[in-house]
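J.: need a 3D model of the following:
(chains A and B)
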Protein chains: 2
Amino acid sequence: MGALNEGRFNVELENGVTLGGCIELGLEREPETVAIEDAVKVLLQGLGEDINREGLRKTPLRVAKALREGTRDMWTVGLLSCLSLLLKVKTLSSVMLFYEGTRKLMGEVFFRLQREKVKDIVQGALFPEAGLESGIGYAGGAGGLVVVRDLDLFSYCESCLLPFLVKCHIGTVSSQQGVAVVLQCSHIHFPSFESAFLESNHHGWAKVLVSSGSGVFANEKADIWGNFLSLLKFRAINVEKIHLRDSADKCWCPSQTTSKIGPANSGMTSAVVSILRSLGEDPSRKELIGTPTRFVKWLMNFKNSNLEMKLNGIHLYTEAVNPIGKSLLQSIVHFHGFKLQVQERLTRQIAETASSLLGGDVMVVVEAHHTCMVSRGIEKFGSNTATVAVLGRFSTDQTARAKFLQTIPNSTTAVG
Amino acid sequence: MGALNEGRFNVELENGVTLGGCIELGLEREPETVAIEDAVKVLLQGLGEDINREGLRKTPLRVAKALREGTRDMWTVGLLSCLSLLLKVKTLSSVMLFYEGTRKLMGEVFFRLQREKVKDIVQGALFPEAGLESGIGYAGGAGGLVVVRDLDLFSYCESCLLPFLVKCHIGTVSSQQGVAVVLQCSHIHFPSFESAFLESNHHGWAKVLVSSGSGVFANEKADIWGNFLSLLKFRAINVEKIHLRDSADKCWCPSQTTSKIGPANSGMTSAVVSILRSLGEDPSRKELIGTPTRFVKWLMNFKNSNLEMKLNGIHLYTEAVNPIGKSLLQSIVHFHGFKLQVQERLTRQIAETASSLLGGDVMVVVEAHHTCMVSRGIEKFGSNTATVAVLGRFSTDQTARAKFLQTIPNSTTAVG
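T.: Numbers count the residues shown, from 1 in each chain, chains lettered A, B, ... in the order given. Okay, here's the model as predicted:
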């Protein structure tokens, strides 16, 4: 079912401790976990944060757990999710083809499972479906196309260390030993605080669609590819609009195209190098060389002292603009967003700032997809959170509240 | 990330064994698991199946694992999924209110966690968000409404033992100690083989929407309920159309309204009683008294000997009807569906039967949501599988295949 299994479950109940990254009490920590915690403390201090304040006290451990657990069995579980369906009728070689295909596509840091391990894992699960071996005809299990769609996974970007979401689609033709993989990857944008003010439209996700095929799928012009993509297309995936690529080349990570914002703090960069090492990675591997710097630069967007400076900037700007404009509201949202935040506090702060500018009656609804709901071991991909803050008249006037809520358009999922 | 954690992960790699219910080699099994396996063998034999045939050999163990793992930590994980968001700003009492609310709503078998255990689990995870305690105003974290939406869970129906899917939405107002829970439950229909022929429209799901509230949500007429439901409504949940109920009363399970199909095999019924006992349940608990009989009756729809009889029925029917009609195609689908099946084989069998009636050129696409992708520990709620079978001209004519695929409408998710 999830992050808990029997042995650990019992241990946890006895100690009042659970995993999933959210609750930790008194368990002895492994040295790698402690090393990551220490590194995260360095990063938080580099951001000008008080690591002892209530909301941050357990953050280093949460981050360490999330990284270690997420990178440990992410691919095992992801693979097995797919395999549990494929295995009913497939041979080991199709499974290995799928594995190699996804590995080729995912230019990501934490691909731990070795080929031989995967082989061991899946070997015992295979059983032949009658008709498969004979390969007669082209119907159903005896040779037809099987497509498993919409498997939600996540991974960490090799280039910037941020998590990204993956929707995975697999096509197989067992009798002819072919496997096709299409991954829809969604990566958060990589704006600097400055660009948040300059570009009004950096919300949403950087997306890339990559594909890989082997066996009968080796040639992307083959008819079988057309059939496979047809079956994805009527799942609302417009494959024609998005260029299919046979590997996720580096530039798809938005960090690669973002303008530089000065050299990174070397203490913080060393801390990220230490994190990579604690995760069993070689930080000198060529794909990882710029990663600590990029991650630190991204993180520095959220530096506390920057915010104080910007706050003055906003206030000056505010006084010059009246009535309040859409771009000012955007600025308020970005301003409060560029902190280490909690959604409830963010909502309240937006309301309070807007109220101080508008003079009282404010209602704010914030809708958010929390990546931590995915990457912190919980994997609730579709879940999302709405928070409401009301001030002035909206505090007492239910009709006004109801009217405002009705004006909000149907929200669509952020990743699709 | 999922079903695997560190200790177990290592063990598994060493032994070539994984969990998730799909791969099992040589691990010693607990007595409860063995007891369920034995009971499942009785059920399979009652269905006229050869328990030693390749596709069924590991089924008893898979079922045992799925039931034990699914019922063990389902609620822990489900709760923690929700809590990981709630916990950021909530107090223990809101969490307990949520727990009691969902427990009240879910009339289901396997609710294992005791109140005190939940308390232990969440206690260490709470930290106050500044402004919460003072309760000043009604903005954001200091008192505003927080709604966590679209948490996917599953459970087992107390009345018939089949798994059902749950979309869970939670509203809280921390400063005022209120919690609201809305569950959208989707249960498969409970048709008999006969009704599959009589009713053309039994596809889809039996749905029920239930709600519970406490604290400021205790009164369903309160303004705060209106705001909460507004925030669900613009997530495409039409709460007005569905009657909100404050508990899942018995009759929502379709098994309660299905016509009787004779007394159940007593050996099979005893086997189900044994399964309940192995899961730590008391089969004499009043909600469970009819469950084994209902489950066995449902299972007997899939009895092998029934199918042979029906096959003759179809063939006779077929000769009388020409050209092949929609209802006959439906009958073919139902006929092949009412077996212990594998999707690929089902697709092929439909194609072959249709081909024998139509004389050659047939293309079949089957789309399916596999409940086992949810209940067998993988929790890929959105995933689905398409299979294709082609015979005759469709085997060689790519244009014909492409044309057919284009005629298939965009599929929508089965549960929504």
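J.: now do the SS call for the residue lying closest to A:R68 once chain neighbours are set aside.
T.: Leaving aside its sequence neighbours, A:R68 sits nearest to A:T33 (CB to CB, 6 or more residues apart in numbering or on different chains; 6.1 Å). Placement of C-beta: from N, CA and C, glycine included. Look at A:T33: counting by DSSP: H, G, I helix; E, B strand; the rest coil, its state is helix.
J.: start to end distance for stretch A:286-300?
T.: End-to-end distance for stretch A:286-300: 24 Å, by CA to CA, to the nearest Å.
J.: what about A:Q330, which SS state?
T.: For A:Q330, the assignment made with three-state DSSP gives helix.
J.: number of residues surrounding it?
T.: By other CB atoms under 10 Å in any protein chain shown, the residues close to A:Q330 number 15.
J.: also the one 3 residues further on?
T.: When neighbours are defined as other CB under 10 Å, A:V333 has 19 of them.
J.: can you check the one 3 residues further on too?
T.: Neighbours of A:H336 under the rule other CB under 10 Å: 22.
J.: verify the stated contact: it with A:A351.
T.: No. Counting by CB atoms under 8 Å, A:A351 is not a contact partner of A:H336; they are 9.9 Å apart.
J.: tell me the confidence at A:D150?
T.: On pLDDT, A:D150 comes in at 82.
J.: check which helix or strand covers it.
T.: strand A:145-156 (DSSP states H and E).
J.: outside of the strand or helix carrying A:R277, which residues touch it?
T.: Following DSSP H and E, the helix or strand that holds A:R277 is helix A:266-278. Contact with helix A:266-278 is made by A:32-33, A:35-36, A:38-40, A:42-43, A:46, A:67-68, A:109, A:161, A:282-283, A:288, A:291-293, A:295-296, A:299, as judged by CB atoms under 8 Å, 6 or more residues apart in numbering or on different chains.
J.: in helices, which of those appear?
T.: Mapping the contacts of helix A:266-278 onto helices (DSSP state H) picks out A:32-33, A:35-36, A:38-40, A:42-43, A:46, A:67-68, A:291-293, A:295-296, A:299.
J.: what are the ranges of the helices in the stretch 251-400 of chain A?
T.: Listed in chain order, the helices of the stretch 251-400 of chain A (DSSP state H, counting those that start in this stretch) span A:266-278, A:291-299, A:304-320, A:326-337, A:343-358, A:372-375, A:398-407.
J.: buried stuff in the fourth one?
T.: Taking 16 or more other CB atoms under 10 Å in any protein chain shown as the neighbour-count basis, helix A:326-337 is seen to contain the buried residues A:L328, A:L329, A:S331, A:I332, A:V333, A:H334, A:F335, A:H336, A:G337.
J.: from the contact counts, what lies against it?
T.: With contacts defined as 3 or more CB pairs under 8 Å, 6 or more residues apart in numbering or on different chains; DSSP states H and E, helix A:326-337 has these neighbours: helix A:193-198, helix A:304-320, helix A:343-358.
J.: gap between A:P409 and A:I275?
T.: Look at A:P409 and A:I275: by CB to CB, to the nearest Å, they are 40 Å apart.
J.: and the two? which has more neighbours close in?
T.: Per other CB under 10 Å, whichever of A:P409 and A:I275 has more neighbours is A:I275, with 27 against 6.
J.: still on that earlier bit, beyond the strand holding A:D150, next helix or strand please.
T.: Remark: after strand A:145-156, the chain's next helix or strand is strand A:163-173, criterion DSSP H and E.
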